[in-house]
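Q: no FASTA, just this:
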């Protein structure tokens, strides 16, 4: 029985394909990672959008020096021819507060200043507009990658789901074979007791049973691994045997597809290729914008306190920046972008051709899977009839135990081949639908 581990309490349920796909959309790491990439791209777009608005900066600075930053040695000043009398009057006034002033004058031991500026870009070579367009392409590309990731993950989930369901079918087949071998063994023992056959027939049945048990053990290991992988893809905890809905008996003919043209342009990969070319063209414009003049306007205001004097001031300004020596480098960058655009266009044409071949291959695989289901279904009916006739002939003494066991082995082979064909058909149907929506 399959047990889902919920965040609050664990509860068991029959696991259906739809529930598996739903859990994968909600919990699969690859899908969730792709969704986070979309959010990252959206945040990058919001960052670039802020470049349209003024840039505001605040700054402040203060200091206190161990020694004053300005020291004037008074005896040197007294030796000058001018200002001696005025300086003596100042010194007499200062000596009343500081008797040691006769040696030197100390100033600017501390001070503070603060300023604020607002700068509005007017023209930055078109880089702001181009940058926002490039960020928008990043968001759209990440959304397309979500579609690709979800499609691929859900394809893998469905393939694994039908693999587990198919292995359960094979388990049921082995159980049926065990019952057949028990019946064969009873018939062989009855014939041996009546002296119609030797003990070799019973030994052959026992060896066949041992072979079946070995295959059954391998099958159980495969079921456990496939079940754990399915739980990993759907993001739930594996706690034991899964309980699946019965493997459907679909009409294989209904899966046949007849189309005149298989579309490629509608696939998200094709749109991503086109976005890659457009993004490279925008990067080229960004490079050109770096070599164009840049114009901006702004205002700045500030406050300072030096020499114990409070001062306020402000100004308005405009700037023009004209790169003169960057055109040489920019010319080579433009050539680089032209080559990258050419490479992207070449890759687009190549990958579009490969996707067209892939679509055709998927189309052929789907119709081939339909034919195989029909063939193996017919072969299974023949194997069932062959085994039934072999059992009747053995009971009548018209055939050997080896022939009977061979017919049983053919029946098991036909059952497994039919199951494998049905699993392949399920996967081929979804893959074709995913690539040709």
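A: Cool, the structure landed. Computed from a prediction, not measured in an experiment: that's the story for all the values here. Numbering: from 1, shown residues only.
Q: Just give the number of residues close to residue 424.
A: Look at residue 424: counted by other Cβ atoms under 10 Å, it has 20 neighbours. All C-beta spots, glycine's among them, are computed from the backbone N, C-alpha and C.
Q: again but with residue 362, I slipped
A: Using other Cβ under 10 Å, residue 362 has 18 neighbouring residues.
Q: Could you double-check that it lies in contact with residue 430?
A: No. Judged on Cβ atoms under 8 Å, residue 362 makes no contact with residue 430 at a distance of 10.1 Å.
Q: How far does the helix or strand where residue 296 lies sit from its chain's centre?
A: Secondary structure assigned from DSSP states H and E places residue 296 in strand 294-306. Centroid separation between strand 294-306 and its chain, computed with Cα atoms, centre = their mean, to the nearest Å, is 47 Å.
Q: The helix or strand following that strand to strand 294-306, inter-axis angle?
A: Downstream of strand 294-306, the first helix or strand assigned by DSSP H and E is strand 309-321. For strand 309-321 against strand 294-306, the angle by axes from the mean of the first three to the mean of the last three Cα atoms, to 10 degrees is 170 degrees.
Q: Residue 157: neighbouring residues, count only.
A: By other Cβ under 10 Å, 22 other residues sit near residue 157.
Q: Residue 24 is in contact with that one, correct?
A: Yes. Checked against Cβ under 8 Å, the pair residue 157 and residue 24 is within contact range at 4.8 Å.
Q: what sits in contact with each of these two?
A: Counting by Cβ atoms under 8 Å, 6 or more residues apart in numbering, the common neighbours of residue 157 and residue 24 are 233-234.
Q: Off-centre distance for the strand or helix carrying residue 364?
A: Using DSSP H and E, residue 364 maps to helix 327-395. Distance, stretch centre to chain centre, for helix 327-395: 22 Å (Cα atoms, centre = their mean).
Q: Could you identify the helix or strand that succeeds it?
A: Taking DSSP H and E, what comes next after helix 327-395 is helix 401-435.
Q: Could you pull up the mean pLDDT of that next one?
A: The pLDDT scores in helix 401-435 average 87.
Q: list the helices and strands that helix packs on?
A: On a contact count with 3 or more Cβ pairs under 8 Å, 6 or more residues apart in numbering; DSSP states H and E, helix 401-435 meets helix 127-193, helix 199-234, helix 327-395.
Q: Residue 288: what's it in contact with?
A: 125-126, 330, 334.
Q: got the angle for the helix holding residue 364 vs helix 199-234?
A: 150 degrees.
Q: Mind giving me the packing neighbours of helix 327-395?
A: On a contact count with 3+ Cβ pairs under 8 Å, 6+ apart, helix 327-395 meets helix 127-193, helix 268-290, helix 401-435.
Q: For residue 67, find the nearest of those helices.
A: helix 268-290 (46.8 Å; Cβ to Cβ).
Q: Can you check what angle separates that closest one from helix 401-435?
A: 40 degrees.
Q: chain center to helix 268-290, what's the gap?
A: 21 Å.
Q: same check, this time on stretch 139-153
A: Computed by Cα atoms, centre = their mean, the separation of stretch 139-153 from the middle of its chain amounts to 8 Å.
Q: average pLDDT across that stretch?
A: So the average pLDDT for stretch 139-153 ends up being 94.
Q: Identify each buried residue in it, please.
A: Judged by neighbour count (16 or more other Cβ atoms under 10 Å), stretch 139-153 contains these buried residues: 139-147, 149-151, 153.
Q: if we can go back for a sec, would you turn the contacts of residue 288 into CSV with distance to residue 414?
A: Shown next, in CSV, are those (distance: Cβ to Cβ, whole Å):
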residue, distance to residue 414
125, 73
126, 70
330, 71
334, 67
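Q: Out of the residues you listed, flag the one nearest to residue 320.
A: Each of the contacts of residue 288 was scored against residue 320 by Cβ to Cβ, and residue 125 proved nearest at 12.1 Å.
Q: how about the closest one, what does it touch?
A: Residue 125 makes contact with 288-294 under the criterion Cβ under 8 Å, 6+ apart.
Q: Rebuild those as a markdown table, extending it with distance to residue 376 and pLDDT.
A: Formatted as a markdown table, the contacts of residue 125 follow (distance: Cβ to Cβ, whole Å; pLDDT from 0 to 100):
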| residue | distance to residue 376 | pLDDT |
| --- | --- | --- |
| 288 | 63 | 90 |
| 289 | 64 | 88 |
| 290 | 65 | 86 |
| 291 | 68 | 86 |
| 292 | 69 | 88 |
| 293 | 74 | 89 |
| 294 | 72 | 89 |
